[in-house]
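got a structure for you, letters missing:
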């Protein structure tokens with residue numbers, strides 16, 4: 001049996017941030033040659049514990065042992081063999097791929113490889129992990145979020161760590177890419193590495209984890225091993241109230257909407273230079289999902305209907321009060337016509353990390369609250385903030401605390417509250433529940449459903465199939481940069497959506513009718 005010098009140990013770890021207790025007397029051990037999952041709802045302390053192991057956060061009390069030593073800071077942790085891939089995609093966007101992969105591996109005076117060798121190694125590693133050729137001289141800002149995530153993963157695995165920590169590292173990856181990541185995780189485990197995964201994707205950890213430690217309110221509430229790691233056990237331990245995305249009754253089958261209910265029309269649009277065009281109509285009261293394997297056009301479609309960039313062909317418009325369609329060609333026209341968008345990249349395109357929780361909520365409304373002599377009247381903003389805090393059950397502590405003091409799920413709720421306060425007609429969301437626990441997912445989607453029931457409409461993208469089942473009226477499946485199939489709620493199943501994502505046509509659907517075919 002291995003001794004403490006072979007293990008990662010935490011004993012009685014406590015950590016407080018102002019009034020928030022992040023970790024309470026937290027203890028666990030991680031053995032070499034195992035994948036150990038840390039599971040819990042948002043705000044349960046998972047990421048804080050990962051940062052303690054990484055030397056980023058020092059505990060207020062308790063002890064941490066990384067192969068017999070206590071990490072003093074991130075550099076010391078790295079010297080002990082720790083590599084951490086954090087939840088947010090940490091890249092230098094204005095630098096090329098090769099510089100991002102090898103960032104921090106050499107000091108200023110000691111370079112172990114030439115530039116040509118680094119470029120070749122970067123190209124080979126990314127081909128191994130992603131299955132595609134990526135030019136190592138490409139600026140990272142020109143790559144999709146999923147490829148940026150792979151760059152971070154490759155950087156972490158490059159040092160052959162003894163302890164590999166992955167904090168929601170698959171959140172930006174699609175189904176196929178997540179499978180490739182699991183292959184690499186198992187390789188490290190089989191080589192004797194201690195692997196820690198922090199994830200909200202329960203279906204994912206069931207397949208890859210050997211052990212799971214469950215946290216609730218910063219404390220360890222139990223541990224599961226092997227076949228006992230299943231959805232029922234995990235959800236039962238994560239929450240005193242058993243929660244599952246399948247608890248809610250499935251919505252009634254989608255019905256035909258009268259033409260007068262159309263809020264947004266996309267006619268003859270294409271989202272790729274050589275992609276086949278299609279039509280899309282969004283009706284009042286609808287919640288529409290969008291999915292597909294990575295890079296198949298679903299993100300481009302979402303950006304087009306949100307006004308972030310125009311489609312290659314065709315036009316997008318919203319219904320006007322005077323029955324005259326209003327074009328949507330850019331973000332300002334989208335906002336003016338009641339379209340609200342929330343990015344899937346919360347850190348870069350959502351929050352203002354240097355501002356408080358209240359300022360993140362109120363910033364878009366300051367112009368409309370100018371009082372006499374140009375002073376901002378805070379009272380209506382405070383009332384709106386209090387309303388959304390209550391409606392979305394956001395755990396904020398002090399409103400003056402920094403937005404980064406909140407868990408990822410509560411940060412996302414602040415962003416949604418900010419948008420709801422602007423009273424939009426159409427909500428466009430790019431993976432709104434990325435990095436969010438099961439309970440918070442239910443709350444987020446329930447609020448979106450209520451928004452649609454009040455006469456609005458929602459289009460949301462998700463890489464997790466189960467996030468459609470209880471909330472969407474239909475799901476648009478993209479393949480080869482076009483709308484491949486529309487699946488109605490009455491036909492929702494993992495098999496139906498996966499089959500469409502991988503291009504497996506049903507025999508009853510003629511190839512000539514494939515464009516946007518509806519499964520009925």
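Nice, thanks for sending it over. Values in this document were obtained by computation on a predicted structure and should not be read as measured data.

so is residue 38 in a helix, a strand, or just coil?
Here residue 38 is strand, with the state taken from DSSP: H, G, I helix; E, B strand; the rest coil.

what number of residues lie near it?
The number of residues packed around residue 38, counting by other CB atoms under 10 Å, is 28. C-betas here are computed from N, CA, C, even on glycine.

pretty sure residue 358 is in a strand, no?
No - per three-state DSSP, residue 358 lies outside any strand segment and is helix.

So it is in contact with residue 398, correct?
No - taking CB atoms under 8 Å as the definition, residue 358 is not a contact partner of residue 398, at 9.0 Å.

more neighbours, those two?
Here residue 358 and residue 398 are set side by side on neighbour count (other CB under 10 Å), and the busier one is residue 358, at 20 against 13.

show me what contacts residue 345?
Residue 345 makes contact with 89, 145, 430, according to CB atoms under 8 Å, 6 or more residues apart in numbering.

That one and residue 234: what is the separation?
27 Å (CB to CB, to the nearest Å).

List the contacts of the host helix or strand of residue 126.
Applying DSSP states H and E as the criterion places residue 126 in helix 115-130. With CB under 8 Å, 6+ apart as the contact definition, helix 115-130 has outside contacts at 97-98, 101-102, 113, 132-137, 147, 150-151, 153-154, 158, 177, 180-181, 184.

Next, the buried residues of that helix.
Burial within helix 115-130, assessed by neighbour count using 16 or more other CB atoms under 10 Å, is assigned to 118, 119, 121, 122, 123, 125, 126, 129, 130.

distance of the second one from residue 32?
Looking back up the chat, that one is residue 119. The gap separating residue 119 from residue 32 is 33 Å, by CB to CB.

cool, the fourth one as well?
With distances defined as CB to CB, the gap from residue 122 to residue 32 amounts to 29 Å.

Kindly report the same for residue 391.
In this view, residue 391 and residue 32 are 47 Å apart by CB to CB.

what's the answer for residue 403, then?
Here residue 403 is placed at a distance of 38 Å from residue 32 (CB to CB).

out of these two, which sits in the busier spot?
The neighbour comparison of residue 403 against residue 32 (other CB under 10 Å) goes to residue 403, with 23 against 17.

give me phi/psi at that one?
Note on residue 403: backbone dihedrals following degrees, to the nearest 10 are phi -60, psi -30.

try the one 4 residues further on
Comment: the main-chain dihedrals of residue 407 come out as phi -70, psi 160, following degrees, to the nearest 10.

Show the model's pLDDT score for it.
You'll see residue 407 listed with a pLDDT of 78.

is it true that it touches residue 45?
No - using CB under 8 Å, residue 407 is not in contact with residue 45; the gap is 9.4 Å.

and the spatially most central residue of the chain, which of the three is it?
Closest residue to the average C-alpha location of the chain: residue 434 at 2.2 Å, with CA atoms, centre = their mean. When the structure is split into helix, strand and coil by three-state DSSP, residue 434 lands in coil.

Read off the pLDDT value for it.
Note for residue 434: predicted pLDDT of 73.

Correct me if wrong: it contacts residue 343.
No - applying CB under 8 Å, one finds residue 434 not in contact with residue 343, separated by 10.1 Å.

any weak-confidence spans in the stretch 401-520 of the chain?
Within the stretch 401-520 of the chain, the ranges that satisfy pLDDT under 70 run 435-437, 502, 504-520.

now the strands for it?
Under the criterion DSSP state E, counting those that start in this stretch, strands of the stretch 401-520 of the chain are mapped to 426-430, 457-461, 474-479, 482-488, 517-519.

about what we covered before: of residue 407 and residue 45, which one has the most company?
Set residue 407 next to residue 45 and count neighbours by other CB under 10 Å: residue 45 wins out with 26 against 23.

give the contact list for that one.
With contact taken as CB under 8 Å, 6+ apart, residue 45 is in contact with 15, 22, 23, 24, 26, 215, 217, 218, 219.

and if you look at residue 498?
Taking CB under 8 Å, 6+ apart, we find residue 498 in contact with 175, 465.

hmm, try it at 10 Å
When contacts are counted by CB atoms under 10 Å, 6 or more residues apart in numbering, residue 498 is found next to 175, 291, 293, 465, 477, 504.

same thing with residue 394?
Residue 394 makes contact with 357, 361, 385, 388, 406, 409-414, 416-417, 440, 443, according to CB under 10 Å, 6+ apart.

Among those residues, find me the one that's closest to residue 55.
Comparing those against residue 55 with CB to CB places residue 406 closest, at 22.7 Å.

hang on, the earlier thing: out of the contacts of residue 498, list just those in helices.
residue 175 (DSSP state H).

Adding distance to residue 332, write the contacts of residue 498 out as a markdown table.
Supplementary listing: the contacts of residue 498 in a markdown table, determined by distance: CB to CB, whole Å:
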| residue | distance to residue 332 |
| --- | --- |
| 175 | 35 |
| 291 | 29 |
| 293 | 32 |
| 465 | 35 |
| 477 | 31 |
| 504 | 41 |
